[in-house]
Each structure stands twice: as C-alpha cells, then as structure tokens.
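Asks: Structure here, sequence nowhere to be found:
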C-alpha cells in the first residue's frame, strides 16, 4: 500500500462514507421536524437504508481485506515465514486489521436492524471501536520512519481519534445534530487527509517526495490540515443547505398548506427553547 | 510471578470474572425487559448473587495475596531487609497491592447488599478504583526492562485503564447495556492479554523468549492486541445470544402467551424511542 | 508579527471579546431572572446584538488576515516561492489561518440568527473549533525556538485549549452561568497572556529580551500565569457585580414594586433548589 | 519550606479539611434522608457553617501566605533583586500563590452564602480552580531536581489533579454522595502524602534522606501511594459509619416512631430505584 493509489483508495472511501453519513443525518433531522406528515413511511425507509449501508460496508471491507492480502507483494494469508524466521508483510496485515473492524461495523448495522431486540447504540459503539482501532494501529504504524512521514500520520491519527471520541461520547449523552455533523466532518477530514498524504509522500506527478527533514514542510502541513478542515466544514454546510432545501420543496409540493402551518408553530416553539 | 503460570493465573481469573459479569449484565437486562412477570423473585436472587460474588472475590484476592507472599522466593511479609539495606521482593508486593484492591471490591459488594442504606454506586466506584490502581501499579512496574517487555505491559495498562475509565463514567452517567458490555469486553481483553504476555515473555514450550529488540515483534503485537479485542467482542456477542435465547425459552415455557403479548407491545414502544 | 505590537494587538482583541462575552452572559442571566417583566423585548434585542457581534468578528478577522498578508515583509498572498524553492513566510500564514477560523465564527453567528432553522449550538461549535484550531496551530508554531519562547507559548496553548474544551463541553451538557463565566475568564486570560508574551520576548522599553535559558524565569512565569488568572477572575467578578447592580437599579426604576415581589418569591425558590 | 515541618504543615491542613468535608458531606446526605423532620433547622445551620468554613479557610491562607513571606530566608515581599539581577526565593512565591487561591475559595464560600443571588456552584468552581492551580504550580516546581524528588511530587500532582477533576465534573453533572466522598478521599490522600514526602526527603529522625537514584525506592513509593489511598478509603468509611450512627441515634431519641416509619418507606423506594 506504500504508493499513491494505496492512500487515494481509503481516502475516497472515507469521503464517500462521510458525505453519505452527512446526508443521512440531515435527512433524519429534516424528517423529524416534519414528523407528523410522513413519519411512518420514512421510518421503514431508514431501516432498509441501514441494512443496505451495512451490506456496502461489508463489501468494501472484504474488498479491502482481499486486496491487501493478494496484491503482488502481499502476504497471501501467511503471517510468519518459518524459513526466514520473520514476519510477513506486517504493514499489509495492519491495513487488513483496520478493514476488518469496519467490516464488523457493517455486521452490527445489519444485525441491529434485523434483530429488533438489539440496542441501536450498538452501531455507534462499533463505529467508535472501528475508529479507535484505526487510530491505535496507525499510531503504531510508523516506527522508525522519517519525521515528515510520522507527522502526517500523526495528524491522521488526530482526525481519526477525534471522530472516534465524538462517536464514543454519543454513546453516553443524547446528542443533537451539531455534534453528529461534527463527527461526519472529521470523517471527511480523514478522507481528504489520506489524499494529502498520498500527494506528500508519493507525488503522482512523478516528482520527488517532499524533503522529510525540512521543518518548513511541517509548518506548512500544520496549516494545510486546518484548511482541509475548513473546506470540509464548508462542504458539510453546503450539503446541509441543499438537503434542507430539497426536503422542503419536495414536501411542499405534496402537502403545501399543512406543512407551512406546522412549521411556523414549531419554529416559534423551538426558538423559545433555544434562547 | 516472573513465569508463564504467574501470567496465566490472573489471566484466567479475569476471563472468568469477565464472562460472569457479561452474563450477569445480560441477565439483568433480559429480566428488566420481562419485568412484570418475574420481577420480585429475580431481585432477591440478584441480591444473593452479589453477596456470593463478593465472597468469591475476597477468596480469590486472599489466595492471590497469600500466594504472592509465601511462594518460594516471596517476601514472607518482610518489606525491608535491614541487614542488606534493601527492599525485599518489591514486584511481589506490587502484585499483593493489586490483589488487595480487588479484595476491597469484594468487601464493598457484600457491604452494599447487606446494609441497604449504602449507595449501590459504591461497588462501581470500588471496581473503578481497583482497575485504576492496577493500571497505575503496572505502569510503574517495568522500570529498566527491555522494549518488548515494556510494550506488552503498556498494552495491558491500556486495556485496564479503559475498563476503569468506563466504570468511572458509569458513576456519573446513567448508562445502557452497550456500555456495560463494553466494560466487560475490556476485562476479557485484559484476561486474554495476560495469557498472550505469558506466551511472549515465557514461552511454555521451552522455546526462547521473543527477540525483545525486534521492531517487527512490536508491529505484530499491535495487531495481535486488536485481534484479541475482536475475538472478545465475538465472545461477548455469543454469550449475549445464548443468554437471551435461554431466558426467552425458559420464560415462554412457564407463561407463553402473556410474555409474547408484552414483548410485542414493548418492542414497538422501544423502537419508537430509539429512532 | 514577531514584535511587541504583533502580540499586543491580538491580546487587546481577546480582552475586548472576553469582557463583552462576560457582559452578554451576565445580562442574559439577569434578564432570565426577571423574565416575566421584560422577556420579549430583550429577546429581539439579543438577536440584533448577536448579528452585530458577528459583523464585528468578521471585520476583525478580515483586518487581521489582510494585515498579516500585506505588512512589509508579509507573504502578499504568495504561498510557495518556486524560484527559491521554499515556503513564503509560513508564520504569517499561521496567523492568517487562526484569524480565518474566528471569521468563520462570525459567519456562523450571523447565519444562526438570520436563518431560524439552524441550531444555535452551531455558534458554540464554531467557537470551540476556532479555539481548538488556534491551540493546534500555536502548539506547532515554535519548532526549533528557545526554551523560554516555547514555554510562554505552551502556557498560551493551555489557556486556549481549556477555553475550547469548556466551549466543547457546553455543546453536550446544559450548563449554568458559572461554567460560561469560567470560559470567558479563560479568554480574558488568553488576552492578558498575549500582552505578557510581548513584554517577555520583545520588551517595549528597548531593554534586552529575558534570558531564554534561565530556569528561574520559567519558575517565575509559572506563577505569573496564575496571577494573571487570579486578576481575570477578579475582573469577571467586578463586571458581574456592576452589571447585576445596573440591571437591578434600571428595572426597579421602571417597575419597582412588581419586580421586588417577584424577586423575593424567586429567591426563596432558588435557594431551596440550590441547597 | 524545604524541611520536614514545611511539608507536615500543609499535610495537616489538608487532612483536617478532608475529614471536615467528609463529615459535612455525610451530614448533608443523612439530613436529606430525614428531610421532613428537621429540614428547616439544618438549612440555616449549614449556611452558618459554610460562612464559618470560609473564615477558617481565609485565616489558614493568610497565615500560610504571611509565613512564607516572613520566615527567616523568605522573600519579605520582594520579587526581584535588582542589585543581583535575579528573582528572590521563587519557591516561597510558588507556595504563596497556592495559598492565595485557597484564600479565594474561602472568599467565594462567604460571598455565596451572604449574597443569595450568587450561584452556589461558584464554591465548587473555586475549589476546582484552587486544586488545578496547585497541581499546575507543583508540576512546574521541581525543574532540575533529582529523580526521587520529582517522582514523589508527581504523585502529589496526580492526587491533586484527580481531586480537582472530580470537583470540575461536579460542576457539570449532578452527582451523588459516592463521587463527593471520592473527592474528599483524594484530598485526604494529598494530606497524608505531604507527610510521606516529608519523611522521604527530610527524615525527622535525622537519618540521611533516601537514595534519590535508587529505582527500588521508586518501586516502593508506587505501592506506598496505593496503601495511603487504601488507608484513606478506610478512614472515610469509618467516618461514614460513625456519622450515620450518630445522626440516627440522635434523631431517634427526639422523634423515634415517626422517623422509623419514614425510613422504612424511603428505604424501599430507594432500593427500588437503585436496582
């Protein structure tokens, strides 16, 4: 996985998942606001969506796991080479482990919505687990590498750990949409930072990698990380605006008068509470 | 305790306690769901179970404390050797201290359910205390040892500390079954990791210990820790499935119709809340 | 920004914002207490104040960003000098990034109170984001500088991080006025510490900078930080006393009898709750 | 303060405060249980007690501050010696700062119960502040000393920081008696550990100080810290038993029948909730 594609792939995966979770979260919030009009229909819909999401996650995880094992130069399921007396391709096994825990998240997603007696907080727990395990493995991933390499991976660990921490807090405390969108924005950050790592360590243009011992590069990557974050906040904001507008225009077409009345009543009530 | 048995023993102890706490926690959850049918009987039962658990814990703690003191080469209750001018077997005293705090947990368990005016959160506090003290002592346990030895003990400290942290959070915030099972899975992880440490540092097959300066060993133990965790999650899941099935089949045999009706009513109510 | 003015300016900015947030927070608390008499009027007032605050914040942020770019010796919007093959004035870009995130806070402030469907917790989130980003950038700001320089910046990071942490906790947990005033006192601390850094590293009297390798200077700055904090607590206390007295005397002039009665009734109720 | 008495004095102070806060906390809990019988009387009593506590705290703080300044060899209010060009007795100024913040706690205590409009959470905040400042100053107190000296002070910082953290959490979350007793037990631990530091660094028997470079001393002090903690838990438990017994026997003498009935009713209700 030590090349540009190996970082662009998981980056793309996390960007897709981040945008999808952002959309789902805003949709749920918008539907909850217009609860009385279309509650029952949307609930059954969300159950089916969750199961579909689980299947996609498992598919992605299995693809990643098989890919790590059977690419040329991969370990081909061998863990220890008794002839040579050494471990086989431990970095690939690291990636394998991370994919495996996201596969578990998919399994939990499916189980939770098939077996109704399971608590739904289980999916949140498995998400938090998956992210913490990823942060833990990435943290122990760069023993003996160069300064710049370690630094960009540490920033990645930071983004992953914060996302995991927020998911963990959501287990304990009933949260609001702001916190959920914060979590998805950190997952987006993780995705876009994977791309950045690819560009820094394995420039696709064929140019040489950045000078690993230059302090200025680290100074730049510090603010570059913040700019990625700012960009992701803006993306989440645009998705929010688009989805909210879509839900409003859609609902108004079907039942214009009733929704309008309800909305006004609710808005007053809410703004009172929020003051 | 610097041998294979000395790590397998506490490992076995924590695996047994972890599985037992998992079962107890799931049983309570299942009984709470079927509250109306068998509430009073189960409550008296749980009181007796807690006291029995306390006695077992005290028994285990005393066995461990006496064992640490009076094994050949142990300190035999001597703390300082005035002749030689040095401390006597401090590592054994370390283990002694850890056992002592788990003994306190047992005492708190018994006191809480005999004296009804004591708050039940006391047992949770003592559990958290016991785990934090264990983490603290283990953290200061490996001064001056080799890299691999320190690393495996640090991972143990991580598992113990997280379990203690979750127990501490449970003191403050009313939690759900997911969080409690997370805690028991970390106690299981601690138990199985004790076994792993035994295999790494004192291979029972008589083979030489692992190379303590090889970075690859650390890379492997990082993911090995995650695999232990994944295994323990699966074990907790299987215990959950088994206990839930047992309670259901048992209750249905005695009062089939009523439970069925209640269950359906509750399920709807819950899924509504959880949405 | 490596001079006295460059530290006095943001220091003044944070002192003004800290005092203003303290006043706003106490005003809200005082008005809430006398809710029945002047609730509706104050609410519309606060909405307009929030929007004005947002505009001021954006103005300050843009001034700071432009200033950092176009001062003599600034980067003039150039990020990388391809001729020399090096980054241009990264420290200025660091400051630029911090200002940008406070500008985002201003934007969120305005959006939240124009578009009523947005959750108000968004402003708290952006405040927490702004502070965390500032702490993160400052933490990576002093690579390769001298001990004293690093130490005073670390204390600054501590003050900023604690303020961000409290704002973050406010997202999750419904807080009281004590916690909000704690946050504003840390923002004041940040402001006055900026001034202190200016005096330590670039004495305006023209005297030489403090000896960067003297341990005694660090020992003194440790307690100096605490004295700043004590001073800021006293300032917040005095603002509290003044604002409370103002609101009371103002309200009593308009409706003396009614308020007096209400106050007595409320006071009893509250002291009962607080016991 | 670099002698045995200089550590025994604050140690005694914290032990007295710890025991007093333990008693107050248990008394409040016991009175709350028997609320209906003697509520109003106890409330006025507690108000007067809080004010008295504040006066005692201020007295202790002023004694400590003056003592630090005017002992032979103290700084006598001089901060910087312009002749010699160096700071004067910074360690004494460190202690001065810590005492000052506990004085602020006393002031907050008095203000809160004289001015009824102040939130009572203010005292908790000032307690948390005082402890955090103490931990912060102690952490920066031992630059350039020997290993053993640093280690025993680090353990002190740990005890102080945990006590401060619990007080801080109590600001946010409505707590129960278990958490409050945990806090007082950490304040007791701090007090008894001050004594231990005195014995380790300045043995009062005139014997030489412990060998500062011996790893075994650190290994022993690790478990010694745990034993102190265990002892303090037992002390808190004994105080709890004694105070509860006292309140019960006192109340039963005055109104035996009514209390008995109430108690039974309450006990059932509680145990139901706690299950």
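Replies: Perfect, thanks for sending it. Since we're looking at a predicted model, the values are computed, not measured. Numbering: from 1, shown residues only, chains lettered A, B, ... in the order given.

Asks: what sits against the residue nearest the centre of chain A?
Replies: The C-alpha lying nearest the average C-alpha coordinate of chain A belongs to residue A:187 (C-alpha atoms, centre = their mean; 3.6 Å). Contacts for residue A:187 were tallied using C-beta atoms under 8 Å, 6 or more residues apart in numbering or on different chains; they are A:14, A:17-18, A:21, A:163. From N, CA and C alone the C-beta is placed, and that goes for glycine too.

Asks: So what does the nearest residue to it once chain neighbours are set aside have for phi and psi?
Replies: In this structure, residue A:187 finds its nearest non-sequential neighbour in residue A:18, 4.0 Å apart by C-beta to C-beta, 6 or more residues apart in numbering or on different chains. With angles defined as degrees, to the nearest 10, residue A:18 sits at phi -60, psi -50.

Asks: And for residue A:18, the neighbour number?
Replies: The local packing of residue A:18 (other C-beta atoms under 10 Å in any protein chain shown) involves 25 other residues.

Asks: Help me see whether stretch A:171-178 makes contact with chain D, please.
Replies: No - contact of stretch A:171-178 with chain D (C-beta under 8 Å from any C-beta of the partner chain) is absent, the minimum separation being 10.2 Å.

Asks: can you give me how far that stretch is from the chain middle?
Replies: 17 Å (C-alpha atoms, centre = their mean, to the nearest Å).

Asks: all helices of chain A, in order?
Replies: Taking DSSP state H, the helices of chain A run over residues A:4-33, A:35-70, A:90-114, A:121-139, A:147-172, A:177-201, A:215-254, A:256-274.

Asks: residues from the stretch 1-150 of chain A in reach of chain B?
Replies: Contact residues, the stretch 1-150 of chain A versus chain B (C-beta under 8 Å from any C-beta): A:43, A:46, A:86-87, A:90-91, A:93-94, A:97, A:100-101, A:104, A:116-117, A:119-122, A:124-125, A:129, A:133, A:136-137, A:140, A:143-144.

Asks: and residue A:101, what is it in contact with?
Replies: The contact partners of residue A:101, by C-beta under 8 Å, 6+ apart, come to A:126, A:129-130, A:133-134, B:226, B:230.

Asks: quick one, what contacts the nearest residue to residue A:21 once chain neighbours are set aside?
Replies: Of all residues beyond its chain neighbours, the one nearest residue A:21 is residue A:184 (4.6 Å), with distances taken as C-beta to C-beta, 6+ apart. Residues near residue A:184 by C-beta under 8 Å, 6+ apart: A:18, A:21-22, A:25, A:236.

Asks: Turn these into TSV, columns for pLDDT and distance to residue C:199.
Replies: Formatted as TSV, the contacts of residue A:184 follow (pLDDT from 0 to 100; distance: C-beta to C-beta, whole Å):
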residue	pLDDT	distance to residue C:199
A:18	95	45
A:21	95	48
A:22	95	46
A:25	91	48
A:236	95	41
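
Asks: which of those lies closest to residue D:246?
Replies: residue A:25 (55.4 Å; C-beta to C-beta).

Asks: phi, psi of residue A:208?
Replies: Note on residue A:208: its backbone torsions stand at phi -70, psi 150 [degrees, to the nearest 10].

Asks: on that earlier part again, identify whichever of the helices of chain A lies nearest to residue D:8.
Replies: Ranking the helices of chain A by proximity to residue D:8 (C-beta to C-beta) places helix A:147-172 first, at 42.3 Å.

Asks: Let me see the mean pLDDT of that closest one.
Replies: Helix A:147-172 carries an average pLDDT of 93.

Asks: Next: stretch A:134-144.
Replies: Stretch A:134-144 carries an average pLDDT of 89.

Asks: what sits up against it?
Replies: Applying C-beta under 8 Å, 6+ apart, the contact partners of stretch A:134-144 are A:91, A:94, A:97-98, A:101, A:149-150, A:153-154, A:156-157, A:160-161, A:164, B:215, B:218-219, B:222-223, B:225-226.

Asks: Any buried residues in it, and which?
Replies: Buried residues in stretch A:134-144, counted by 16 or more other C-beta atoms under 10 Å in any protein chain shown: A:134-138, A:140-142.

Asks: go on, stretch A:173-183?
Replies: Neighbour counts over stretch A:173-183 (16+ other C-beta under 10 Å) mark A:175, A:177-183 as buried.

Asks: next one: stretch A:25-36
Replies: Within stretch A:25-36, the residues that qualify as buried are A:25-27, A:29-31, A:33-34, counting by 16+ other C-beta under 10 Å.

Asks: Tell me the gap between it and the middle of its chain.
Replies: Mean-position distance between stretch A:25-36 and its chain equals 22 Å (C-alpha atoms, centre = their mean).

Asks: and what of stretch A:123-141?
Replies: The chain centroid and the centroid of stretch A:123-141 are separated by 11 Å under C-alpha atoms, centre = their mean.

Asks: cool, stretch A:139-156 as well?
Replies: Counting by C-alpha atoms, centre = their mean, stretch A:139-156 comes out at 21 Å from the chain centroid.

Asks: Any idea how far apart the tips of that stretch sit?
Replies: 9 Å (C-alpha to C-alpha, to the nearest Å).

Asks: So which bits of chain A are right by chain C?
Replies: Neighbours of chain C within chain A, by C-beta under 8 Å from any C-beta: A:33, A:169, A:173, A:175-179, A:182, A:215-220, A:222-223, A:225-227, A:229-230, A:233, A:244, A:267, A:270-271, A:274-275.

Asks: let's go with 7 Å and repeat that
Replies: Counting by C-beta under 7 Å from any C-beta of the partner chain, the residues of chain A close to chain C are A:169, A:173, A:175-179, A:182, A:215-216, A:218-220, A:222-223, A:226-227, A:230, A:244, A:267, A:271, A:274-275.

Asks: which stretches of the stretch 1-150 of chain A aren't confidently modelled?
Replies: By pLDDT under 70, the weakly predicted segments of the stretch 1-150 of chain A are A:1, A:35-42.

Asks: For chain C, give me its nearest residue in it.
Replies: At 7.9 Å from chain C, residue A:33 is the closest residue in the stretch 1-150 of chain A, using C-beta to the nearest C-beta.

Asks: So what does residue A:206 look like in phi/psi?
Replies: The phi/psi pair for residue A:206 (degrees, to the nearest 10) reads phi 90, psi -10.

Asks: what's the most distant pair in the buried residues of stretch A:134-144?
Replies: So, those by C-beta to C-beta: farthest apart are A:134 and A:142, at 13.9 Å.

Asks: and residue A:210, what are its phi and psi?
Replies: Main-chain torsions, residue A:210, degrees, to the nearest 10: phi -70, psi 150.

Asks: Excluding sequence neighbours, find me the nearest residue to the residue in the stretch 151-275 of chain A positioned nearest to chain B.
Replies: With C-beta to the nearest C-beta, the shortest gap between the stretch 151-275 of chain A and chain B falls at residue A:172, namely 5.1 Å. Using C-beta to C-beta, 6+ apart and skipping the chain neighbours, the partner closest in space to residue A:172 is residue B:173 (5.1 Å).

Asks: any idea how far that neighbour lies from residue A:27?
Replies: 29 Å (C-beta to C-beta, to the nearest Å).

Asks: near chain D, which residues of the stretch 101-250 of chain A?
Replies: Along the stretch 101-250 of chain A, not a single residue is adjacent to chain D under the rule C-beta under 7 Å from any C-beta.

Asks: Could you tell me which residues of the stretch 151-275 of chain A lie near chain B?
Replies: Residues of the stretch 151-275 of chain A lying near chain B (C-beta under 7 Å from any C-beta): A:171-172.
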